[in-house]
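Peer 1: Sequence and predicted model, in that order:
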There are 4 protein chains.
Amino acid sequence: MDHETSSPQASNGASAQVEARVRASFKNQSLMDHLGAELIRIAPGEVRIRLPHRPELTQQHGYVHAGATSTIADSAGGLAALTHFDAGQEVLTVEYKINLLAPAAGQYIEAVGTVLRSGHTLSVCRLEAFAVDHDRRTLIAAGQQTLIRVPAQK
Amino acid sequence: MDHETSSPQASNGASAQVEARVRASFKNQSLMDHLGAELIRIAPGEVRIRLPHRPELTQQHGYVHAGATSTIADSAGGLAALTHFDAGQEVLTVEYKINLLAPAAGQYIEAVGTVLRSGHTLSVCRLEAFAVDHDRRTLIAAGQQTLIRVPAQK
Amino acid sequence: MDHETSSPQASNGASAQVEARVRASFKNQSLMDHLGAELIRIAPGEVRIRLPHRPELTQQHGYVHAGATSTIADSAGGLAALTHFDAGQEVLTVEYKINLLAPAAGQYIEAVGTVLRSGHTLSVCRLEAFAVDHDRRTLIAAGQQTLIRVPAQK
Amino acid sequence: MDHETSSPQASNGASAQVEARVRASFKNQSLMDHLGAELIRIAPGEVRIRLPHRPELTQQHGYVHAGATSTIADSAGGLAALTHFDAGQEVLTVEYKINLLAPAAGQYIEAVGTVLRSGHTLSVCRLEAFAVDHDRRTLIAAGQQTLIRVPAQK
């Protein structure tokens, strides 16, 4: 059984069709699996991705590498934008900017993508990442992303 | 024998001490190994990292994921800044911004970090990534990064 | 009498000393006066600047120029960071990124700078700008800014 | 006689039609005139704008305000993108990011916008600003900008 499907948090209000498209897009990103990322929330205009700490994801101090944090933040934003799209439409990242605010310590990193503007061509998302260490949740990265809506490739 | 040491491009003008510190910092970033990234050039103010295409690094269209491209670009910039630092100093990424310009197709991605400003506290690097497909080299990402110099952690 | 002092919104919880330093910093930025910008709120970690629409601030379509919007957003963020500093400390913008989301129409633009992280050396602010047209308030720009704390110059 | 027309640098290789459209767009941006900015070079994919130092453009230390520098950099990039467009097309800034590298001292600031990618919908420009003090030219800001091509408004 799919890990995410069994999670009580896995969907919050997105229609079944939207949720299916977001899950399919996530699954088609092999890098998510290679990093060990999990899709934990799909709501209209908001998607969350969780990345458990693993030694192979670290930088020189043993924290999760900024690149891994940025990667799941970028994907969370892209999928958040996708929740507002119709079938047959896909999303591509145009650009993003991210500030690394604190070391990515803890059991896992959680990235949150939130749509600020969903336009005909361009969408803009807010990106946040939190390190979760038992009960403590620390904002470790904050950013902003521009995305473009494109017809789905066959 | 170390892959990078054998490359004719592996070092271009950086002193042996600087080169050793840059190599050590790269090696301590486990994520570089997990992605399959290789350090291919260390020069004063410029570092290049290569990422061969592998199926596990891809996004939904089979191209290298923007997150993987950004990760090696971020590391190339950090190591480029490090070439100007003294022993006992390390570099942390403060923030970066990156535009994805074209699909990351081809045999490998090459990221280039180039120092624009090396200050007492802050450094700024230009980030570029190219997709290399046989003889063709395409600029696929361009960005800019701010870094901070910190004392080495023990 | 000072324009801002008379506003009921002009201060919200910042100490008198902090407020005085923020006002002084704003007044010393001649460009604020040249654009016609007004300081309308000083709270710990949040500053708001208002820019009434004037024909000399426009771009080719008659809306307020993105440069003017960015300028007051940058200043709002800088002053928001300053609310957390001690006397004898000043703030400089390291970098910022801003998305222009909608035309800057209406009677005035209001920029809001909000501190996300206030560190020993670096601060990070969220930047927002709204166009206000009678009762309608539209988010027209969103961004993020990195700032550095420096000793005050004599 | 138009100030720019008399400059030997005012055009470098752009067709007369392109040059006329770039000049018209610049002239329609009232803020350029309010700041005192001058269009000094129009080449395919590159535009330069100069801003003479004036007391009303300064920040708290007497240097040109980062907002003024950013404004002319943003406009230089937009006009550089416009040099690749057809008649009946206009350019809007989607977003930009800029690092302030050094104080904006000297007789004038010169902003250079250079097209990195000119796409059907989106363009990306590199932004640079230099402070010029007699014979000395210092890079004071560097950034990157995303723009969108839109049909001209009537």
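Peer 2: Ah, there it is.
Peer 1: which element follows the strand or helix carrying residue A:47 toward the C-terminus?
Peer 2: Assigned by DSSP states H and E, residue A:47 belongs to strand A:46-52. Next in sequence after strand A:46-52, counting helices and strands by DSSP H and E, comes helix A:66-82.
Peer 1: CA atoms only: put that next one into CSV for me.
Peer 2: Only the C-alpha atoms of helix A:66-82 are listed here, as CSV (Å, rounded to 0.1, in the frame of the first residue of the first chain):
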residue,chain,number,x,y,z
ALA,A,66,20.9,22.9,1.6
GLY,A,67,20.5,21.3,-1.8
ALA,A,68,18.2,18.6,-0.5
THR,A,69,16.2,21.1,1.5
SER,A,70,15.9,23.3,-1.6
THR,A,71,14.9,20.3,-3.8
ILE,A,72,11.9,19.3,-1.7
ALA,A,73,10.9,23.0,-1.3
ASP,A,74,11.0,23.5,-5.0
SER,A,75,8.9,20.4,-5.5
ALA,A,76,6.4,21.3,-2.8
GLY,A,77,5.9,24.7,-4.5
GLY,A,78,5.5,23.1,-8.0
LEU,A,79,2.9,20.7,-6.7
ALA,A,80,1.1,23.4,-4.8
ALA,A,81,0.8,25.4,-8.1
LEU,A,82,-0.4,22.2,-9.8
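Peer 1: And chain B, is that helix touching that?
Peer 2: Yes. Part of helix A:66-82 sits near chain B under the criterion Cβ under 8 Å from any Cβ of the partner chain, namely A:66, A:67, A:68, A:70, A:71, A:72, A:74, A:75. Where C-beta positions appear, they are placed from N, C-alpha and C, glycine not excepted.
Peer 1: Make TSV out of those and add distance to chain D, pLDDT and neighbour count.
Peer 2: Compiled in TSV, the residues of helix A:66-82 next to chain B are given as follows (distance: Cβ to the nearest Cβ, whole Å; pLDDT from 0 to 100; neighbours: other Cβ atoms under 10 Å in any protein chain shown):
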residue	distance to chain D	pLDDT	neighbour count
A:66	17	93	27
A:67	19	94	26
A:68	22	95	31
A:70	15	97	26
A:71	19	96	29
A:72	21	97	29
A:74	15	97	28
A:75	20	97	28
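Peer 1: near chain D, which residues of chain A?
Peer 2: So chain A meets chain D at A:94, A:95, A:97, A:121, A:122, A:124, A:144, A:146, A:148 (Cβ under 8 Å from any Cβ).
Peer 1: Quick one: neighbours of whatever residue of chain A ends up closest to chain C, just the number.
Peer 2: Chain C sits closest to residue A:97 of chain A, with a gap of 4.2 Å, by Cβ to the nearest Cβ. Counted with other Cβ atoms under 10 Å in any protein chain shown, the neighbours of residue A:97 add up to 28.
Peer 1: Apart from its chain neighbours, what residue comes closest to it?
Peer 2: Nearest residue to residue A:97 in three dimensions, chain neighbours excluded: residue B:97, at 3.8 Å (Cβ to Cβ, 6 or more residues apart in numbering or on different chains).
Peer 1: what helix or strand is the closest residue to residue A:81 other than its chain neighbours on?
Peer 2: Spatially, and ignoring its direct neighbours in sequence, residue A:81 is nearest to residue A:123 (4.1 Å; Cβ to Cβ, 6+ apart). Take DSSP H and E as the rule and residue A:123 turns out to sit in strand A:122-133.
Peer 1: tell me which residues in that strand are buried?
Peer 2: A:122, A:123, A:124, A:125, A:126, A:127, A:128, A:129, A:130, A:131, A:132 (16 or more other Cβ atoms under 10 Å in any protein chain shown).
Peer 1: Show me the two of these that sit farthest apart.
Peer 2: A:122 and A:132 (31.5 Å; Cβ to Cβ).
Peer 1: Point out where chain A drops to low pLDDT.
Peer 2: Counting by pLDDT under 70, chain A shows low-confidence ranges at A:1-12, A:154.
Peer 1: ok, now which ones touch the most centrally placed residue in it?
Peer 2: What sits nearest the mean C-alpha location of chain A, by Cα atoms, centre = their mean, is residue A:76, with 1.8 Å. Residues in contact with residue A:76 (Cβ atoms under 8 Å, 6 or more residues apart in numbering or on different chains) are A:47, A:48, A:49, A:111, A:112, A:113, A:127.
Peer 1: Count the neighbours of residue A:24 for me.
Peer 2: 11.
Peer 1: so what's residue A:17 closest to, chain neighbours aside?
Peer 2: residue A:87 (6.9 Å).
Peer 1: what's the distance between that neighbour and residue A:41?
Peer 2: Per Cβ to Cβ, to the nearest Å, residue A:87 is found 21 Å from residue A:41.
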